[in-house]
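**Student:** Test case, fold it:
(one chain, ligands or ions: 2)
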Amino acid sequence: MDDCIFCKLVAGEVPATVIYEDDDVIAFDDVNPQTPVHTLIIPKEHYHSLSDDVPPEILGKLFSKVPTVAKLKGVEESGYRIISNKGTDGRQTVFHLHIHILGGTTMPIGMGPAD
Ligand code: 5GP
Ligand code: ZN
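**Tutor:** Numbering: from 1, shown residues only. Ligands and ions are numbered 1, 2, ... in the order given. Okay, the predicted model is just below:
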């Protein structure tokens, strides 16, 4: 996708702090971290969200590498939260499937609606 920032990042056209990479996925620190650890993991192939007929093998590769990335970021033991925002109500802003890995602090108890 020509105008997708994460595709550009995969292509090396946008700089990133890469934490983990293999043939299928790449993980990099969020440019605007919301918690001390805020890393994104994405498939290298472009899918706009979980609703984009993502092949189960890709989803398996994406989710199965979350603990690997958490370990590399030092939060595997302390714990973390993963989030994947979808669409308007989910407040998705980058339309290339990604999972947020948030940690390094205790996350809030609630996950309810915005005020
Ligand atoms: P969303 O709101 O779509 O779930 O999350 C998109 C995330 O991507 C945001 O947390 C935002 O800070 C991050 N982001 C947007 N552009 C870039 C970029 O160019 N590099 C990095 N590392 N993160 C980005
Ligand atoms: Zn993309």
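**Student:** From now on I want contacts and neighbour counts done on CA atoms only, so please keep to that.
**Tutor:** Will do.
**Student:** quick one: buried residues of stretch 97-115?
**Tutor:** Going by neighbour count (16 or more other Cα atoms under 10 Å), the buried part of stretch 97-115 is Leu97, His98, Ile99, His100, Ile101, Leu102, Gly103, Gly104.
**Student:** per-residue pLDDT, the closest residue to the first one other than its chain neighbours?
**Tutor:** Read that as Leu97. Leaving aside its chain neighbours, Leu97 sits nearest to Ser49 (4.3 Å; criterion: Cα to Cα, 6 or more residues apart in numbering). Looking at Ser49, its pLDDT reads 96.
**Student:** Would you confirm that Ser49 contacts Ile99?
**Tutor:** No. Judged on Cα atoms under 8 Å, Ser49 makes no contact with Ile99 at a distance of 9.9 Å.
**Student:** surely Met107 meets Arg81?
**Tutor:** Yes. The criterion here is Cα under 8 Å, and Met107 meets it with Arg81 at 7.5 Å.
**Student:** Quick one: the strands in this protein, in order.
**Tutor:** Taking DSSP state E as the criterion, the chain carries its strands at 18-21, 25-29, 37-43, 80-83, 99-103.
**Student:** Any chance of these in a markdown table with mean pLDDT and distance to ligand 1 as columns?
**Tutor:** As requested, those are exported to a markdown table (pLDDT from 0 to 100; distance: least, Cα to the nearest ligand atom, whole Å):
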| stretch | mean pLDDT | distance to ligand 1 |
| --- | --- | --- |
| strand 18-21 | 98 | 9 |
| strand 25-29 | 98 | 5 |
| strand 37-43 | 98 | 7 |
| strand 80-83 | 98 | 8 |
| strand 99-103 | 98 | 7 |
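**Student:** Serialize the ones you listed to JSON lines and add fields for distance to ligand 2.
**Tutor:** As requested, these are exported to JSON lines (distance: least, Cα to the ion, whole Å):
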{"stretch": "strand 18-21", "distance to ligand 2": "16"}
{"stretch": "strand 25-29", "distance to ligand 2": "12"}
{"stretch": "strand 37-43", "distance to ligand 2": "9"}
{"stretch": "strand 80-83", "distance to ligand 2": "18"}
{"stretch": "strand 99-103", "distance to ligand 2": "13"}
